[in-house]
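J.: would you be able to build a 3D model of this:
(one chain, ligands or ions: 3)
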Amino acid sequence: MKVLSAEHYLQEKQNKSSQTDDSHLDESVMAIISEVRQEGDKALKRMTEKFDGVKLDRITVSEEEFLQAESAVNQAFKTALKTARENIEAFHKEQKEQSWFINQPGGITLGQKVTPIERVGVYIPGGKASYPSSVLMNVIPAQLAGVNEIAITTPPDRDGKVSPYVLAAAREAGVDTVYKAGGAQAIAALAYGTETIQNVFKIVGPGNAYVARAKKWVFGDVDIDMIAGPSEICIIADATANPRFVAADLLSQAEHDEAARPLLVTTSQQMADTVRDEITQQTEQLERQAIIQQSLKQNGRIILAETLSEAFATANAIAPEHLQLMIQEPFVNLANITNAGAIFLGDYSPEPLGDYAAGPNHTLPTSGTAVFSSPLGVYDFVKRSSVIHYPKEALNQVSEDIIRLAEAEGLTAHGQSIKIRKDDDHASSDRQSQDS
Ligand SMILES: NC(=O)c1ccc[n+]([C@@H]2O[C@H](COP(=O)([O-])OP(=O)(O)OC[C@H]3O[C@@H](n4cnc5c(N)ncnc54)[C@H](O)[C@@H]3O)[C@@H](O)[C@H]2O)c1
Ligand SMILES: N[C@H](CO)Cc1c[nH]c[nH+]1
Ligand SMILES: [Zn+2]
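T.: Ligands and ions are numbered 1, 2, ... in the order given. Just a heads-up that it's a prediction; the model follows:
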C-alpha cells in the first residue's frame, strides 16, 4: 500500500478525478437502456445471456425457488437475519416522519402531508458476491415508510438461480417479487417496465459501474436514492490504535471490489509501518486475495498527517462512505467530522458491525458525495405535499399583495384568479360555515 503525505494524497485524488474519462460507459449503458425500452423482456433475456451467461425461460423467481432456497439455508443463518431485521427496524423506526398542520389567525391552515411512494424497485448486487444484508437494508426502510409494492431485482448465476441467501432475506423482509435481472438492463426494466417487470417510481440499491450509470440516466423519469460507487473505508488512527484491528477493517472493504478504496490516515509513522505489515500477513489468510490486492494496489493508501487536526481535515476532504475513529476520545472528536456516510467510534465498532448488525443503514453516500448526501433511510421512501387552506376573509387580506406580485411578473391570469374571488361577494357563501 502506497504511503504519502496528506497534501500529496489530496493532490493525487484531484488529478485522478480530472483525468477520468468514462464516456465509453455512457455509450454502452445508453444502448442497453434503449434496447430494453424498445424490446422489453426480449432485450432483458438477451442481455442476461450476454452478461450473466445464462439463458432464462422465466424472469420472475417462482414460489418453488423460494421454497428451495428456504431449505438450502440453515437455521443459524435465518436467526442471524431475524436479529439483523429487528435491529434495522428499531433504528429506522426513529426516522419515521409524520404529516403536520399549523393553524394561523383568520382560520388559515397550512401543513405538510407525508405520503409513501407507491412502487419501489430494489437492486441487489450479484456479480462478485451476493448481498442478503442489502436486501434488509433497502427493503426495511421502504416498508416502514409504508411503500405498497416493493420488487427486488438481482442478477442470476450461471445456472439461472438467485442466491438462496438473498431469497431467504427477501422472505424475512416479506418481499415476494424477485426478478432475475442485473446490471443496467435491470435498472431500465424497473424504470420503464417490460411485459414481466412492472415499472416503479423509485429505484434504490447499490451496484457496479453499469448499475450506477444506468441509475443516473433514468433519474428524472423515476427517482433514485443515490449513485453508490465502490465501497470505501477511511480510518483515522493515532498511536494508541490496535494495528491488527486497523488492518483487518481496511481489508474488510477491500474485498468488495477491485475499485474499493481502503484508506488509513494516521499521525504515527510506526502505526503506518505496522499496519502495512499486518495487511500483507492478514491478506494471505483471506479468500478474496485477488480482489483485495487489486484494491490495495489501485486505491489503497496510507496517509501520514502531521497532527490530528490535519487528519480530520483530510478525512473531511475525502468525505468517505465509512469513517472509523480509532483514536483517544473518539466521542469528543466527533465534532471535528463534517463529511462521512457513517462514523464508527472506537476500537470495538468496526465497519462490518454496521454492514450487518448494528441497525443503521449500510447504503451510504460514496465517492465524496457525503459532502451533500445522507444514508438511505425511511425519508427516501416518502414524498411531501404542501397543504394550504385560506378562508375568504384571509384571502382578501393578502389579495392586493398577490395581485401586485403577479403584475410585476406580467402574469395577469394569476392576478385574475385572486381578483375574481375578491369581486364575487356571494362566492362559496355556503362553504363559509366549514371555514369557521
Ligand atoms: N454501498 C453498498 O451498500 C454496497 C453493498 C453491496 C455492494 N456494494 C458494491 O456494489 C458493487 C457490486 O458489483 P458487482 O459487480 O458485484 O454486482 P452487480 O450486480 O452490481 O453487477 C453485475 C452486473 O453487471 C453487469 N455487467 C457486468 N459486466 C458488464 C459489461 N461489460 N457490460 C454491461 N454490463 C455488465 C451484468 O449485467 C451483471 O449482472 C461493488 O462495487 C460493491 O462494492 C455496495
Ligand atoms: N460495505 C458495503 C457498503 O459499502 C455493504 C456490505 C454488504 N455486505 C457487506 N458489506
Ligand atoms: Zn462491506
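J.: skipping its backbone neighbours, what lies nearest the residue nearest to the spatial centre of the chain in space?
T.: For the chain, residue 363 is the residue whose C-alpha lies nearest the centre (Cα atoms, centre = their mean; 4.1 Å). With Cβ to Cβ, 6 or more residues apart in numbering as the measure, residue 376 is the residue that lies nearest to residue 363, at 3.9 Å, once sequence neighbours are left out. In this view, the C-beta of every residue, glycine as well, is placed from N, C-alpha and C.
J.: how far away is that neighbour from residue 134?
T.: Separation of residue 376 from residue 134 (Cβ to Cβ, to the nearest Å): 10 Å.
J.: who touches both of the two?
T.: Between them, residue 376 and residue 134 share these contacting residues under Cβ atoms under 8 Å, 6 or more residues apart in numbering: residue 363.
J.: what residues does this structure have near ligand 1?
T.: Counting by Cβ under 6 Å from any ligand atom, the chain comes close to ligand 1 at 28, 51-52, 125-129, 131, 134, 155, 182-184, 206-208, 210-211, 228, 230-231, 256-257, 260, 362-363.
J.: so which helix or strand of this protein has the lowest pLDDT on average?
T.: Within the chain, confidence by mean pLDDT, DSSP states H and E is lowest for helix 432-435 among all helices and strands, at a mean of 51.
J.: and the strands in the stretch 251-400 of the chain, which stretches?
T.: When secondary structure is read from DSSP state E, counting those that start in this stretch, the stretch 251-400 of the chain shows strands at 261-266, 301-304, 322-326, 342-345, 382-389.
J.: how about those strands in a markdown table, adding mean neighbour count and mean pLDDT?
T.: Formatted as a markdown table, the entries for those read as follows, by neighbours: other Cβ atoms under 10 Å; pLDDT from 0 to 100:
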| stretch | mean neighbour count | mean pLDDT |
| --- | --- | --- |
| strand 261-266 | 27 | 98 |
| strand 301-304 | 23 | 97 |
| strand 322-326 | 28 | 98 |
| strand 342-345 | 20 | 98 |
| strand 382-389 | 13 | 98 |
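J.: got JSON lines for these, with distance to ligand 2 too?
T.: What follows is these, written out as JSON lines (distance: least, Cβ to the nearest ligand atom, whole Å):
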{"stretch": "strand 261-266", "distance to ligand 2": "10"}
{"stretch": "strand 301-304", "distance to ligand 2": "18"}
{"stretch": "strand 322-326", "distance to ligand 2": "7"}
{"stretch": "strand 342-345", "distance to ligand 2": "9"}
{"stretch": "strand 382-389", "distance to ligand 2": "23"}
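J.: with distance to residue 200 added, can I get these in JSON lines?
T.: Below are these laid out as JSON lines (distance: least, Cβ to Cβ, whole Å):
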{"stretch": "strand 261-266", "distance to residue 200": "30"}
{"stretch": "strand 301-304", "distance to residue 200": "38"}
{"stretch": "strand 322-326", "distance to residue 200": "28"}
{"stretch": "strand 342-345", "distance to residue 200": "26"}
{"stretch": "strand 382-389", "distance to residue 200": "14"}
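J.: nearest to residue 107, of the ones you listed?
T.: Shortest distance between residue 107 and the strands of the stretch 251-400 of the chain, using Cβ to Cβ, is found for strand 382-389: 8.0 Å.
J.: can you give me how far the closest one is from the chain middle?
T.: Average the C-alpha atoms of strand 382-389, do the same for its chain, and the two points are 25 Å apart (Cα atoms, centre = their mean, to the nearest Å).
J.: the strands in the stretch 51-200 of the chain, which residues?
T.: Secondary structure of the stretch 51-200 of the chain (DSSP E, counting those that start in this stretch): strands at 100-104, 108-116, 119-123, 149-154, 177-180.
J.: comparing the ones you listed, which comes out most buried?
T.: Comparing those by mean neighbour count (mean count of other Cβ atoms under 10 Å), strand 119-123 comes out on top with a mean of 26.
J.: for that strand, C-alpha coordinates in PDB please.
T.: Extracted C-alpha coordinates of strand 119-123, given in PDB (Å, rounded to 0.1, in the frame of the first residue of the first chain):
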ATOM      1  CA  ARG A 119     -44.000   1.300  -6.000                       C
ATOM      2  CA  VAL A 120     -40.300   0.900  -5.400                       C
ATOM      3  CA  GLY A 121     -37.600  -1.300  -7.000                       C
ATOM      4  CA  VAL A 122     -34.600  -2.500  -5.100                       C
ATOM      5  CA  TYR A 123     -31.400  -3.500  -6.900                       C
END
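J.: which residues does the residue nearest to residue 363 contact?
T.: The neighbourhood of residue 376, defined by Cβ under 8 Å, 6+ apart, consists of 137, 138, 141, 204, 225, 226, 361, 363, 364.
J.: the longest helix anywhere in the chain near ligand 2 at all?
T.: Among the elements of type helix in the chain, defined by DSSP state H, the one spanning the most residues is helix 75-93. No. Judged by Cβ under 6 Å from any ligand atom, helix 75-93 makes no contact with ligand 2; its nearest approach is 10.8 Å.
J.: what sits up against that helix?
T.: When contacts are defined by Cβ under 8 Å, 6+ apart, helix 75-93 is touched by residues 132-133, 136-137, 140-141, 144, 165, 168-169, 172-173, 356-361, 377-378.
J.: keep only those residues that also lie close to ligand 2.
T.: On the criterion Cβ under 6 Å from any ligand atom, residue 133 are the entries of these that sit beside ligand 2.
J.: need the buried ones from the contacts of helix 75-93 selected in PyMOL.
T.: To isolate the buried subset of those in PyMOL, counting by 16 or more other Cβ atoms under 10 Å, use the following:
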select buried, resi 132+133+136+137+140+141+144+165+168+169+172+173+356+358+359+360+361+377+378
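J.: point me to the residue of the stretch 51-200 of the chain nearest ligand 2.
T.: residue 133 (4.6 Å; Cβ to the nearest ligand atom).
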